[in-house]
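>>> Give me a 3D structure for the following:
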Amino acid sequence: DVDGDGLVTVSELQHFAQAMKLPPSYLQDFLTYVDRGHNNTVSFDSFMTAIRTKELALNRACQPLEPLQAGASMWQEGWQRGQWLLGLMLLQSLSGAILASYEHLIKNHIVVTLFLTMLVGAGGNAGNQSTIKVIEGMASGEITVSWTSFVQVMQHQVGVGLFLSVLMTLAGFLRVLLTNGLTRLRDGSEGWELTVTGLYNCIAISISLLFIVFFSCLFGTLLPFAMA
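Presented below is the predicted three-dimensional model:
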């Protein structure tokens with residue numbers, strides 16, 4: 001409220017956003033949230049109430065675990081963290097059930113197990129990066145807990161996910177090629193050759209890596225918004 005009239009106008013909000021180095025989307029999201037009369041002017045009290053409300057929502061988004069009390073025992077901390085670990089372990093057991101349903105396929109194509117850790121690790125790392133990126137944006141105010149901001153972030157992460165998935169696919173293809181795709185020449189002479197089976201292995205693992213990394217980026221972006 002620069003002029004002290006008890007009202008906050010769009011120009012004053014723009015000045016505030018520029019001073020705080022906030023993106024234009026933040027101003028639009030805030031106006032949609034607080035300007036219910038659509039007159040591009042809000043009272044200063046309503047402005048402060050909206051700021052406090054959005055801060056509380058941001059704190060909930062960035063603190064999925066209940067904070068431990070000062071002096072909490074190791075048993076309290078262990079139980080609090082253990083609940084999450086047990087839940088995650090139950091979810092991970094689903095992957096074991098899925099693998100069991102393809103037991104015959106895995107027996108005939110043992111190469112899948114050789115690169116399973118690479119596939120799982122790449123997906124986990126890509127998802128963690130997206131989640132941390134969104135949480136950092138929420139903490140700094142660059143990303144708001146709103147539908148408009150969610151759509152913008154998801155659109156951005158679709159592009160990032162495509163780039164990362166293609167990059168990891170090329171790297172994964174090269175790794176499978178060098179470690180499993182090439183075999184010694186059958187006549188015993190010095191050299192290597194790419195067999196049809198080796199080529200299929202490279203393609204299958206690479207395509208799996210493509211989808212795993214891409215969807216991990218999307219789900220990693222979705223998680224902070226869902227918890228908010």
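>>> and the longest helix for this protein?
helix 196-227 (DSSP state H).
>>> just checking, what packs against it?
Packing partners of helix 196-227 (3 or more CB pairs under 8 Å, 6 or more residues apart in numbering; DSSP states H and E): helix 44-62, helix 111-114, helix 116-140, helix 147-176. Just so you know, the C-beta spots here come from the backbone N, C-alpha and C atoms, and that holds for glycine as well.
>>> let's see 7 Å
helix 116-140, helix 147-176 (3 or more CB pairs under 7 Å, 6 or more residues apart in numbering; DSSP states H and E).
>>> And the last one, what's buried?
Going back to what we said before, that points to helix 147-176. 149-150, 152-154, 157, 160-161, 164-165, 168-169, 172-173, 175-176 (16 or more other CB atoms under 10 Å).
>>> so where is this structure shaky, pLDDT-wise?
1-4, 6, 8, 10, 20-72, 184-191, 228 (pLDDT under 70).
>>> Now with 50, please.
Under the criterion pLDDT under 50, the flagged ranges of the chain are 65.
>>> Next, residue 142: phi, psi?
Backbone torsions of residue 142, given as degrees, to the nearest 10, read phi -70, psi -30.
>>> Run a quick neighbour tally on it.
16 (other CB atoms under 10 Å).
>>> For residue 183, what is the enclosing helix or strand?
strand 182-184 (DSSP states H and E).
>>> Ok, residue 193 next?
Element membership for residue 193 (DSSP H and E) is strand 192-194.
>>> Remind me what that strand packs against, helices and strands.
By 3+ CB pairs under 7 Å, 6+ apart, strand 192-194 packs against strand 182-184.
>>> Skipping adjacent residues, who's closest to residue 214 in space?
residue 165 (4.0 Å; CB to CB, 6 or more residues apart in numbering).
>>> what residues are up against the one you found?
210, 213, 214 (CB atoms under 7 Å, 6 or more residues apart in numbering).
>>> any idea how far it lies from residue 178?
Distance, residue 165 to residue 178, by CB to CB, to the nearest Å: 20 Å.
>>> Check which strands are paired with the strand holding residue 193 and give the direction for each one.
strand 182-184 (antiparallel) (DSSP bridges).
>>> hang on, the earlier thing: in CSV, list the helices and strands packed on helix 196-227 along with distance to residue 203.
CSV is the format used below for the helices and strands packed on helix 196-227 (distance: least, CB to CB, whole Å):
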stretch, distance to residue 203
helix 116-140, 14
helix 147-176, 8
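>>> Out of the ones you listed, the one nearest residue 109 is which?
helix 116-140 (11.6 Å; CB to CB).
>>> what packs against the closest one?
helix 44-62, helix 147-176, helix 196-227.
>>> Residues contacting that helix, please?
By CB under 7 Å, 6+ apart, helix 116-140 touches 58, 61-62, 143, 145, 153, 157, 164, 168, 172, 208-209, 212-213, 216-217, 219-221, 223-224.
>>> which of the residues you listed are buried?
58, 61, 143, 145, 153, 157, 164, 168, 172, 208-209, 212-213, 216-217, 219-221, 223-224.
>>> What's the separation between the closest residue to residue 195 other than its chain neighbours and residue 197?
Nearest residue to residue 195 in three dimensions, chain neighbours excluded: residue 183, at 5.8 Å (CB to CB, 6+ apart). As for residue 183, its distance to residue 197 is 9 Å (criterion: CB to CB).
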